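Enquirer: Build the 3D model from these lines:
(chains A and B)
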Amino acid sequence: MSVKQASVHAKWIIGRVIGTNMVKTAKVRVTRLVLDPFLLKYYNKRKTYFAHDALQQCTLGDVVLLKALPEPRSKHVKHELVEMVYKVGRVVDPLTGMKVEGTQFLEPFADLADDLDKKMTLSDKNQELDSAAASSTASSPDSTSQTP
Amino acid sequence: MPMKGRFPIRRTLEYLQKGDLIFKNQVKIMTVNYNTSGELSEGARKFVFFNIPQIQYKNPWVQVVMFKNMTPSPFLKFYLNDGEQVLVDVEGKDHQRIMQHVKKILGKSEEVLHIEALAKMQESNPANFGPKKYCLKECICEVEGQVPCPGTTPLPKELTGKYRTQMAASQE
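Expert: Residues are numbered from 1 along each chain as shown, chains lettered A, B, ... in the order given. So this is what the prediction gives:
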C-alpha cells in the first residue's frame, strides 16, 4: 500500500465549532442522521471531534469542513481544518457571492448601485446633504426658542 | 389504529427501501441549505421532508447536514472525496425534479447497480461451501435433505470408511 490510509473512518466531515479554548485546536460538533429503530425516523446524533487549525482562525459557531489526518496528531486530534464553510456573522451566499444575514442580503445589488451613481454625482449628493443640514439647523432653534 | 404524524408513510421500511438514489463512492457529505418560509424554498422543504430519509437509508455512510435560514436562496452542496465540491441551485424547483437532477449527476447508474448486484450474487453461490464470511454454508451436512453430520448422528455402517476398506480388502 503506497498511499497512506487515514487512521480514522470518517475522512471528510462537516461540523460546527463549539470550543476554541485550546491552542491551535478547535472543538467541532458533528451531527449525523441516525435512524430510530422503532419510530423509523431520522434524528441528529452529535459527536465531538477535535481538529487542528494552525492559523487559529475559528470562532465559536463557525461551520467548518474537516479532513482526516494520515496519522493522529495526538490522542484526540485526528482531523484538520480544510475550509471554513460559513463564518459566523459573515456568511457568504455561494450562488451570488454576496454577504448574507439569514434571509436578507446585506450588500445592495450591484446594478441598483450603478444606476444611482449615474443619476447623481458625488457633488450633487454633497449639495443635497448640505441643504438638508441647513434646513434641520434652521428648524431646531425655532423649536428650542418655543420651549421655555 | 392509523399511524401518528403528518405523512407517516415516510416512516415505513418499505418507503425507505424504495429510495433509488445511491451516491457514487466519492460523495462523502451532503449539505442542504433551505428556508423555513417562502415559496422559493418550497421544493427544498419537500425534498428534505420526503426524500432525505430515503437518501440516508440507502447511503448510511454519507453525512447529511441541514442548515435552515442561513441564506436567502436554497441550495444543495456535495463534498466529494478529492476535495471537489458540487453546488446545486434548488430555488423554485419541485422536489421530484431536484431528486432526478441529483440522481443524474451524482447517483450510481442502473448498469453499475446491476453489475454490483450480480457480483454480490456470485459471492453468495449456494454451490460453494466454506467459512461463513465467504459462503452461505460451511458443510453440505447443513443442507436439508443431505446426509446429516456424523458429529450429531452416527453414519450407517455401510457408509463408514472403515467398513468400505474392509469390504475392499476382503474382495481382493
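Enquirer: who touches residue B:79 in this structure?
Expert: By Cβ atoms under 8 Å, 6 or more residues apart in numbering or on different chains, the contact set of residue B:79 is A:12, A:14, A:65, B:27, B:28, B:29, B:30, B:31, B:85. C-beta coordinates here come from the backbone N, C-alpha and C atoms, glycine included.
Enquirer: and the two most separated of those?
Expert: The span of the contacts of residue B:79, defined through Cβ to Cβ, is set by A:65 and B:27 at 14.1 Å.
Enquirer: Got a ChimeraX select line for the buried ones in the contacts of residue B:79?
Expert: Buried residues within the contacts of residue B:79, by 16 or more other Cβ atoms under 10 Å in any protein chain shown, are selected in ChimeraX with:
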select /A:12,14,65 /B:27,28,29,30,31
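Enquirer: Which of the contacts of residue B:79 fall within strands?
Expert: A:12, A:14, A:65, B:27, B:28, B:29, B:30, B:31, B:85 (DSSP state E).
Enquirer: Of these, which is the nearest to residue A:93?
Expert: residue B:31 (13.8 Å).
Enquirer: My read is that that closest one contacts residue B:62, right?
Expert: No: using Cβ atoms under 8 Å, residue B:31 is not in contact with residue B:62, being 10.8 Å away.
Enquirer: Residue A:60 touches residue A:88, doesn't it?
Expert: Yes: using Cβ under 8 Å, residue A:60 is in contact with residue A:88, at 7.2 Å.
Enquirer: would TSV of the ones in strands among the contacts of residue B:79 with pLDDT and distance to residue B:99 be doable?
Expert: Output for the ones in strands among the contacts of residue B:79, formatted as TSV (pLDDT from 0 to 100; distance: Cβ to Cβ, whole Å):
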residue	pLDDT	distance to residue B:99
A:12	94	23
A:14	96	22
A:65	96	25
B:27	95	15
B:28	95	20
B:29	96	18
B:30	96	13
B:31	96	16
B:85	94	20
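Enquirer: Validate this expectation: residue A:29 resides in a helix.
Expert: No: according to DSSP: H, G, I helix; E, B strand; the rest coil, residue A:29 belongs to no helix; its state is strand.
Enquirer: got a list of what it touches?
Expert: Residue A:29 sits in contact with A:15, A:16, A:17, A:18, A:46, A:47, A:48, A:49, where contact means Cβ under 8 Å, 6+ apart.
Enquirer: Tell me the buried residues within those residues.
Expert: By 16+ other Cβ under 10 Å, those give A:15, A:16, A:17, A:49 as buried.
Enquirer: nearest to chain B, of those residues?
Expert: Nearest to chain B among these is residue A:15, at 8.4 Å by Cβ to the nearest Cβ.
Enquirer: Name the residues linked to the closest one by a beta bridge.
Expert: residue A:64 (DSSP bridges).
Enquirer: OK, contacts around it?
Expert: So residue A:15 contacts A:28, A:29, A:30, A:31, A:49, A:63, A:64, A:66 (Cβ under 8 Å, 6+ apart).
Enquirer: what does residue B:106 give?
Expert: Residue B:106 neighbours (Cβ under 8 Å, 6+ apart): B:23, B:24, B:27, B:78, B:86.
Enquirer: Now tell me which helix or strand of chain B has the poorest mean pLDDT.
Expert: helix B:110-123 (a mean of 88; mean pLDDT, DSSP states H and E).
Enquirer: Look up the pLDDT of the residue positioned nearest the centre of chain B for me, please.
Expert: Closest residue to the average C-alpha location of chain B: residue B:58 at 5.2 Å, with Cα atoms, centre = their mean. For residue B:58, the model assigns a pLDDT of 95.
Enquirer: Ignoring the adjacent residues along the chain, who's closest to it?
Expert: residue B:19 (4.7 Å; Cβ to Cβ, 6 or more residues apart in numbering or on different chains).
Enquirer: what's the answer for residue A:12, then?
Expert: residue B:28 (4.2 Å).
Enquirer: looking at it, that neighbour is touching residue B:63, isn't it?
Expert: Yes: judged on Cβ under 8 Å, residue B:28 makes contact with residue B:63 at a distance of 6.9 Å.
Enquirer: what do those two both touch?
Expert: Shared contacts of residue B:28 and residue B:63, counting by Cβ under 8 Å, 6+ apart, come down to residue A:12.
Enquirer: Which parts of chain A are helices?
Expert: A:110-119, A:122-146 (DSSP state H).
Enquirer: how close does residue B:134 sit to residue B:22?
Expert: Residue B:134 sits at a distance of 24 Å from residue B:22 (criterion: Cβ to Cβ, to the nearest Å).
Enquirer: Sorry, wrong one. I was asking about residue B:85.
Expert: 20 Å.
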